[in-house]
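Peer 1: here is a sequence with its predicted model. Questions after.
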Amino acid sequence: MREDKITIPGAATVEPPEVKEPTVPREPLPPKPDQQGPEAVSPTGTPTGAPVHSRAQSGPYLTTAQGLRLSDTDHSLKAGRRGPVLLQDHHLREKITHFDHERIPERVVHARGAGAHGVFRSYGTAANISRAGFLAKDVETPVFVRFSTVLGSRGSADTVRDTRGFATKFYTDEGTFDLVGNNIPVFFIQDGIKFPDIIHAGKPHPDREIPQAQSAHDTFWDFVSLHTEAQAHTMWNMSDRALPRSYRTMEGFGVHTFRFVNAEGRTSLVKFHWKPKQGVHSLVWEEAQLINGMDPDFHRRDLADAIEAGAFPEWELGVQVFPDTEEEFFEGIDLLDPTKFIPEELAPVQPIGLMTLNANPVNYFAETEQVAFHPGHLVPGIDVTNDPLLQVRLFSYIDTQISRLGGPNFSQLPINRPHAPVNDMLRDGMHQTAVHGGTAPYHPNSLDGGCPFMAGADVGAFIDVPEELAAAVKERKSPASFEDHYSQARLFFRSLAPVEQDHVIQAYTFELGKCREQAIRERQLQALANIDAGLCAAVAAGLGMAAPEATEEVADAAPSPAVSQLGGTWPVAGRVVGIVADADSDLAAVQAAQEALDAAGIVPLVIAPAGGTLGGPDGGITVQRTYLTARSTEFDAVLVAGSGAPAPDAQPGRDAKAGQPGSAVDPRLVLLLTELFRHAKAIGGWGAAAGCLDAAGIPEDAAGLALGDAPADVVPRLTELLAAHRAWDRFPATGA
């Protein structure tokens with residue numbers, strides 16, 4: 001009974017390592033099947049015909065950067081074995097110098113990220129509103145996607161409460177198009193000049209450099225309670241949207257309004273949406289906190305493991321389409337205000353293509369760290385609008401890349417190279433890797449035969465949309481429509497299900513409870529009073545403060561059910577299910593459960609008292625987790641197929657979670673089950689499972705349980721529960 005056909009992701013290399021250090025020279029191992037490097041194109045966008053992995057190291061022997069073979073890299077060159085190290089040690093100097101410069105300045109925001117390669121296939125449904133070639137029917141375009149948190153440094157944890165970046169690079173044959181968005185459709189600020197302010201407020205306090213990767217502190221709430229245009233985004237950030245279960249179950253938004261131009265020159269205004277095929281799903285707050293300690297790389301690992309396991313994440317790209325009128329309003333909402341979103345009930349999202357991520361990077365630094373996005377990387381048929389936040393981003397992003405990546409030639413890094421011919425007349429600069437020919441890098445010229453020539457729209461040139469500008473005064477002001485700071489926060493909160501409203505109340509109470517200054521709490525409560533009286537009263541009660549009365553009249557709007565994450569069912573591929581088993585388990589039943597879960601695209605991980613195999617090394621079942629190493633946060637659900645008797649290491653001296661000796665069920669298994677239960681996750685089992693649930697205090701008639709006599713009864717029911725994400729009806733919700 002072996003599960004050799006079941007792929008368990010996480011292997012470090014394409015081949016298992018030997019016990020002894022290998023000594024026979026051989027070529028470097030190839031990448032794992034789930035990995036893919038950037039397309040092999042030249043610095044100027046010309047296909048080279050070389051394999052994708054041709055830039056990897058080659059040859060069996062260690063060399064210097066210039067290819068000189070080395071005989072020793074364990075000892076520096078010294079004047080005698082006990083003497084000083086010599087300056088002439090060229091290998092030491094090269095090795096240490098390169099190490100000293102391995103790190104480039106991290107991004108000021110979005111520093112911590114995870115990336116993947118994939119492909120975008122257009123449905124052709126946008127071809128009538130945009131002339132972009134990659135949106136024509138059935139065109140397939142290579143993509144690279146980088147997901148990220150905003151506030152934390154590169155070394156911070158994944159599951160913090162934060163906005164997430166969702167940036168996609170389309171390598172089209174008309175040039176590179178970057179869709180640089182977030183998992184929240186509104187932003188904190190309306191004008192890009194405020195970007196340094198919101199980031200300085202959200203980052204760690206400058207005196208102590210704490211707290212890291214979180215907004216639960218005074219400077220953040222001081223700013224957003226004073227600069228009330230941030231209230232709409234803050235409401236989203238206090239919701240479950242700020243705690244995604246996975247990048248695979250995270251929605252994406254272009255945030256801004258863009259302009260589409262079709263082949264006839266007609267224009268439309270659009271907002272971009274990424275809809276995950278697995279549904280939008282989040283963590284609960286306690287779960288997120290546990291994960292930050294147990295596995296700070298949770299989202300990175302989840303994305304990479306899913307791709308390695310063949311459960312390729314998919315998103316539909318869709319657009320909301322609006323008339324391109326002089327006012328640039330839709331249903332009374334200003335389309336140029338980035339703190340506003342358009343409810344999908346008013347403007348349905350129209351699917352225009354499918355993105356599938358199907359390969360992991362080969363090298364994090366070369367690809368995920370060095371990838372450079374810019375909202376000004378456009379293609380014919382897509383243009384920007386006068387959104388004042390977007391306008392500033394058009395300057396800021398390219399300036400940032402020049403600073404981070406050492407000069408203006410960042411587009412020549414392999415991950416950034418366009419897949420279209422490049423003839424840009426740009427020359428020299430730091431890190432120039434192209435070898436430009438010709439003698440006349442200027443226009444017009446005759447010495448190079450007039451090349452490069454100007455293109456017309458008939459051969460794919462980008463044509464700036466001629467936009468008539470009304471007579472105006474040059475001034476530092478915003479439109480009057482930008483002064484509405486509360487109606488969309490109210491709309492969002494009142495669109496949530498009661499359990500989601502409970503989570504928002506908890507988030508505000510936690511975050512404001514972490515603020516030291518009473519005045520900041522009072523000021524934010526006043527903003528909440530203007531948004532929703534019930535929300536304000538609940539948060540005030542948690543803080544032990546009086547709820548103020550509203551000071552502004554805020555218009556009501558019909559709720560938007562589309563913003564709620566609850567109520568649907570979704571594919572289960574890529575989910576992770578733990579199977580608790582031991583030596584007394586029916587191993588045939590365990591194997592049947594493994595095979596049934598694997599057939600559904602679910603990753604089954606066996607949890608046992610100790611590592612190794614169950615049933616003996618020959619024909620046994622491999623153990624992936626033990627009671628010591630497993631924690632509930634890793635699993636979407638658990639099947640109990642064993643008695644749960646205490647493992648030999650169930651001793652408090654070895655593991656504080658092991659509890660006191662004498663328990664009938666291992667205390668760590670009890671902890672695992674109780675956490676799963678209160679996090680509203682599905683639990684199933686057969687045989688002795690009832691005894692384990694009883695030890696954990698879980699009633700057998702509770703919602704979200706799948707108990708039976710055999711896997712054939714249990715696994716299908718558990719799969720149905722997984723499709724709904726969580727058993728929210730397990731606990732009553734109060735809402736506001």
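Peer 2: Cool, got the structure. Just so it is clear, the structure is predicted and the values come from calculations on it, not from any experiment.
Peer 1: so residue 219 makes contact with residue 205?
Peer 2: Yes - taking contacts as C-beta atoms under 8 Å, residue 219 lies within contact range of residue 205: 5.9 Å. Heads up, the C-betas are built off the backbone N, CA and C, glycines and all.
Peer 1: list of residues touching stretch 605-623?
Peer 2: 1-3, 8, 576-583, 585, 587, 590-591, 594, 624-627, 630, 634-635, 638, 642, 645-649, 666, 672 (C-beta atoms under 8 Å, 6 or more residues apart in numbering).
Peer 1: picking up where we left off before, of residue 219 and residue 205, which one has the most company?
Peer 2: Taking neighbours as other C-beta atoms under 10 Å, residue 219 and residue 205 compare with residue 219 leading, 17 against 13.
Peer 1: quick one, what contacts that one?
Peer 2: With C-beta under 8 Å, 6+ apart, residue 219 has these contacts: 200-202, 205.
Peer 1: so it sits in a strand?
Peer 2: No - per DSSP: H, G, I helix; E, B strand; the rest coil, residue 219 lies outside any strand segment and is helix.
Peer 1: which helices and strands sit right next to the least confident helix or strand in the chain by mean pLDDT?
Peer 2: Every helix and strand of the chain was ranked by mean pLDDT, DSSP states H and E. The lowest is helix 90-100, at a mean of 81. With contacts defined as 3 or more C-beta pairs under 8 Å, 6 or more residues apart in numbering; DSSP states H and E, helix 90-100 has no packing partner among the helices and strands.
Peer 1: just checking: what are the partner strands of the following helix or strand past that helix?
Peer 2: Next helix or strand after helix 90-100 toward the C-terminus (DSSP states H and E): strand 113-122. According to DSSP bridges, strand 113-122 forms sheet pairs with strand 140-149 (antiparallel), strand 350-359 (antiparallel).
Peer 1: tell me which of those lies nearest to residue 501.
Peer 2: strand 140-149 (24.6 Å; C-beta to C-beta).
Peer 1: and the closest one, average pLDDT?
Peer 2: The predicted model assigns strand 140-149 a mean pLDDT of 98.
Peer 1: parallel or antiparallel, list what pairs with the helix or strand following that strand.
Peer 2: Counting by DSSP H and E, the element after strand 140-149 in chain order, helix or strand, is strand 164-172. The sheet places strand 164-172 alongside strand 140-149 (antiparallel), strand 175-182 (antiparallel), with pairing taken from DSSP bridges.
Peer 1: where does pLDDT dip in the protein?
Peer 2: 1-4, 617-619 (pLDDT under 70).
Peer 1: which residue is nearest the middle of this structure?
Peer 2: Among the residues of the chain, the one closest to the centroid is residue 147, at 3.4 Å (C-alpha atoms, centre = their mean).
Peer 1: burial of the closest residue to that one other than its chain neighbours, as a residue count?
Peer 2: Nearest non-adjacent residue to residue 147, counting by C-beta to C-beta, 6 or more residues apart in numbering: residue 247, 4.4 Å away. Residue 247: 25 surrounding residues under other C-beta under 10 Å.
Peer 1: repeat for residue 63
Peer 2: Neighbours of residue 63 (other C-beta under 10 Å): 13.
Peer 1: if I read this right, it contacts residue 69, doesn't it?
Peer 2: Yes - under the criterion of C-beta under 8 Å, residue 63 makes contact with residue 69 at 5.3 Å.
Peer 1: just to revisit the earlier point, OK, contacts around the residue nearest to residue 147?
Peer 2: Residue 247 touches 114, 147, 164, 299, 302-303, 313, counting by C-beta under 8 Å, 6+ apart.
Peer 1: roughly how far apart are the residue of the chain positioned farthest from its centre and residue 579?
Peer 2: Relative to the centre of the chain, the most outlying C-alpha is that of residue 80, 53.0 Å out, by C-alpha atoms, centre = their mean. Residue 80 sits 60 Å away from residue 579, going by C-beta to C-beta, to the nearest Å.
Peer 1: then residue 197?
Peer 2: Residue 197 is 50 Å from residue 579, by C-beta to C-beta.
Peer 1: more neighbours, the two?
Peer 2: Shown here are residue 197 and residue 579; by other C-beta under 10 Å, residue 579 has more neighbours (28 against 14).
Peer 1: now do the SS call for that one.
Peer 2: strand.
Peer 1: which residues touch it?
Peer 2: Residue 579 touches 590, 593-594, 604-607, 638-639, 641, counting by C-beta under 8 Å, 6+ apart.
Peer 1: any chance of the strands paired with strand 113-122 in JSON lines, plus distance to residue 393?
Peer 2: Formatted as JSON lines, the strands paired with strand 113-122 follow (distance: least, C-beta to C-beta, whole Å):
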{"stretch": "strand 140-149", "distance to residue 393": "16"}
{"stretch": "strand 350-359", "distance to residue 393": "22"}
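Peer 1: of all those, which one is nearest residue 476?
Peer 2: strand 140-149 (31.5 Å).
Peer 1: quick one, helices of the stretch 451-600 of the chain?
Peer 2: Under the criterion DSSP state H, counting those that start in this stretch, the stretch 451-600 of the chain contains helices at 487-494, 498-513, 518-531, 533-543, 587-599.
Peer 1: ranking these by burial, who's on top?
Peer 2: Comparing the helices of the stretch 451-600 of the chain by mean neighbour count (mean count of other C-beta atoms under 10 Å), helix 487-494 ranks first with a mean of 24.
Peer 1: and it, what does it pack onto?
Peer 2: helix 231-237, helix 518-531.
Peer 1: turn those helices into CSV, columns for distance to residue 396.
Peer 2: Formatted as CSV, the helices and strands packed on helix 487-494 follow (distance: least, C-beta to C-beta, whole Å):
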stretch, distance to residue 396
helix 231-237, 18
helix 518-531, 28
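Peer 1: closest one to residue 283 among those?
Peer 2: Nearest of these (C-beta to C-beta): helix 231-237, 14.3 Å.
Peer 1: what about the contacts of residue 579, which are in strands?
Peer 2: Under the assignment DSSP state E, the contacts of residue 579 contribute 604-607, 638-639 to strands.
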